[in-house]
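> Okay, here's the prediction I keep looking at, along with the sequence it came from:
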Amino acid sequence: MSKLSKHRLNLIIRWGGTLLSIGIMIYLLSRIGWGEAWQTIRQLTAWRILLVLVLVFISRLATFGRWYTLLKDQTPTLSIVDTLKLTFAGLFASNVLPTTIGGDVLRLAGAVRLGLSASLAAASLVVDRLVGMTGMALMLPFSLPGLSAYLQSRDSSVPVGSMALPFISRLNQGFRKVLQNLRFWSKHPLILIKALGFTLIHQAAIYLIIRVLIEGMGETLSFWQIAGIWSLTYFISLLPISINGLGLQEITITNLYTLLGGLSPATSIALALILRLIWLFGSLPGAFYIGEVLAGKSPAEVEESLPEETL
């Protein structure tokens, strides 16, 4: 298959997956009841909404800190302000723009425009993504109790261990691949540890956002249950079958937090919708920088130099 044909097939799959996911989401809302979901959302108080917005920007600044930590020793001329602009422009592309050009490609284009070599910029983005995945992988074990309980309730005649074993095996393989790729930065372990620290801050902010929202809607779930289920949501949302995870993430949140977390469908679907709006809001500052980032360099011109892992 030619490169052009493969690109067209990927576009068809992503747009088709996006439309299908949105359709399923609308169907779930119709089954649960728009009114019930809205009544659930209306329980949120002003102070909870304000706290959530603060946590969103803590999360965003932590992702900036992670990437800047990886870059600053290699490119001392790159300013904090420029890195912050690139980070928010990438977040805007990933969460707001309905395009297959992801935030990583946009950050790469901006970094090259600022004078970084394409290879160094691409390598930093790969490691940035892998450090983020490592942080999420550390939370996956906290999803196993809920997953095991769900599998047990579905079919008590099937041993849970035999059902979960292939899943756990795939997780182990993926985690080993992450560790192998991180060897690129193995000569700078302290940098990786600092970057992982920013990732954990980013994740903690997300889990606290979810906890504040859930409790505001009259239900409860432990911090670690939230972390485990969100890590599953994160990896499922990485599947390249929708544009920016649109629809796919919402369906995953609705189902996993209901089936594994025991939340009511109305709370889970309200959570999914609110989180999408929050991610959009937290990415809006990137709208002020996206034109500046792209000045003189189109993402398409540098997309081919971005390794496959970050797309």
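Here it is on my side, so go on.

> residue ranges with poor pLDDT in the stretch 151-300 of the chain?
When residues are selected by pLDDT under 70, those of the stretch 151-300 of the chain lie in 154-188, 240-246, 293-300.

> would you list every one of the strands in it?
In the stretch 151-300 of the chain, no segments count as strands under DSSP state E, counting those that start in this stretch.

> ranges for the helices of it?
160-181, 189-216, 223-237, 248-259, 265-283, 290-294, 299-302 (DSSP state H, counting those that start in this stretch).

> when you compare where the third one runs with where helix 265-283 runs, what's the angle?
In terms of direction (axes from the mean of the first three to the mean of the last three Cα atoms, to 10 degrees), helix 223-237 departs from helix 265-283 by 70 degrees.

> Which secondary structure state does residue 74 sit in?
Following DSSP: H, G, I helix; E, B strand; the rest coil, residue 74 is assigned to coil.

> ok, back up a step: right, so of the helices of the stretch 151-300 of the chain, which gets closest to residue 117?
helix 299-302 (11.2 Å; Cβ to Cβ). For the C-beta atoms, the positions are set from N, CA and C on the backbone; glycine is no exception.

> about what we covered before: distance to residue 55 and mean neighbour count added to the helices of the stretch 151-300 of the chain, as CSV?
As requested, these are exported to CSV (distance: least, Cβ to Cβ, whole Å; neighbours: other Cβ atoms under 10 Å):
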stretch, distance to residue 55, mean neighbour count
helix 160-181, 26, 13
helix 189-216, 5, 19
helix 223-237, 13, 21
helix 248-259, 17, 23
helix 265-283, 9, 21
helix 290-294, 24, 16
helix 299-302, 30, 16
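
> Out of those, the one nearest residue 142 is which?
helix 223-237 (3.1 Å).

> what sits against residue 115?
Applying Cβ atoms under 8 Å, 6 or more residues apart in numbering to residue 115 gives the contacts residue 77.

> and it, which of the three is it?
Assignment for residue 115 (three-state DSSP): coil.

> Distance-wise, check it relative to residue 78.
8 Å (Cβ to Cβ, to the nearest Å).

> which ones are touching residue 103?
Each residue near residue 103 by Cβ under 8 Å, 6+ apart is listed here: 89-95.

> Mark which of these are buried, thanks.
Buried subset of these (neighbour count, 16 or more other Cβ atoms under 10 Å): 89-95.

> Restricted to strands, list those residues.
If you go by DSSP state E, those have nothing in strands.

> looking at the helices of the stretch 151-300 of the chain, which is closest to residue 48?
Among the helices of the stretch 151-300 of the chain, the nearest to residue 48 by Cβ to Cβ is helix 189-216 (4.3 Å).

> And the closest one, what does it pack against?
Contacts defined by 3 or more Cβ pairs under 8 Å, 6 or more residues apart in numbering; DSSP states H and E place helix 189-216 against helix 46-72, helix 118-139, helix 223-237, helix 265-283.

> in the first one, what counts as buried?
Going by neighbour count (16+ other Cβ under 10 Å), the buried part of helix 46-72 is 48, 51-52, 55-56, 58-71.
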